[in-house]
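**Student:** Just the structure for this:
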Amino acid sequence: MSDTLNLPAETRERAGKGASRALRLEGRVPAVIYGGNEAPLSIHVEAKELVRQLGTGHFFNSIIEIEVGGKTVRTQPKDVAFHPVNERPLHVDFLRLVKGATVHVNVPVVFQNEEASPGLKRGGVLNIVRHDLELVCDADKIPHEIVVDVTGFDVGESIHFSHVKLPAGAESAITDRDFTIATIAAPSALKSEEGQEEAAAE
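**Tutor:** Take a look at the predicted model:
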């Protein structure tokens, strides 16, 4: 399962560019919590802690529990606006999660059993087409990663989504095709050998 991260916050009394600029000068980042059939809640969070959580690499597929006004609000991060030059976070949107909610997340793909792939053992190259998968899953069951088994795959073969075993409660957001996740490409030495053989046969 993906992590649950805790993020302390304070409510924002004033909106607008001037108020947001003042908050950023104090080391805070303005944010909003919306959805769940409730009014949007304007908040601000500590920039340093937000940057630390963004640096975990799985901020966007984690549940973020925001502690504000003595309450804990379960959310999913939906968008972070960054400064175009220094890449500091400028604003964050959080989606409020209600009980039983499903969420759209991008979950990283991890490949295993590469030593059991004939193509990779012969020097083939694992050409990754998708580094993550777009899934729809229960908010309480967001997988940390999706493991793809490359056992038995040879040079020239493709690994499609249908080869992947998803955890319970998760399904692909792409439902209209069996898309490619990775291919086993021939090593350049093997390609040149085949090319020479073909040229000799002509």
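**Student:** sec struct for the residue nearest the centre of the chain, please.
**Tutor:** In the chain, the residue lying closest to the centroid (CA atoms, centre = their mean) is residue 106, at 3.6 Å. Going by DSSP: H, G, I helix; E, B strand; the rest coil, the secondary structure assigned to residue 106 is strand.
**Student:** neighbours around the residue nearest to it when sequence neighbours are not counted, how many?
**Tutor:** For residue 106, ignoring the flanking residues on the chain, the nearest one in space by CB to CB, 6 or more residues apart in numbering is residue 132 at 4.4 Å. Every C-beta, even on glycine, is put in place using the N, C-alpha and C of the backbone. Residue 132 has 15 neighbouring residues, counting by other CB atoms under 10 Å.
**Student:** related to what we said a few turns ago, please read off the pLDDT at the residue nearest to the centre of the chain from the model.
**Tutor:** pLDDT, residue 106: 87.
**Student:** pLDDT averaged over stretch 40-48 - what is it?
**Tutor:** For stretch 40-48, mean pLDDT rounds to 93.
**Student:** Outside of it itself, list whatever touches it.
**Tutor:** Here stretch 40-48 makes contact (CB atoms under 8 Å, 6 or more residues apart in numbering) with 7-12, 15, 23-24, 27-34, 66, 68, 73, 88-89, 92.
**Student:** Of those residues, which belong to strands?
**Tutor:** If you go by DSSP state E, those have 7-11, 28-34, 66, 68, 73, 89, 92 in strands.
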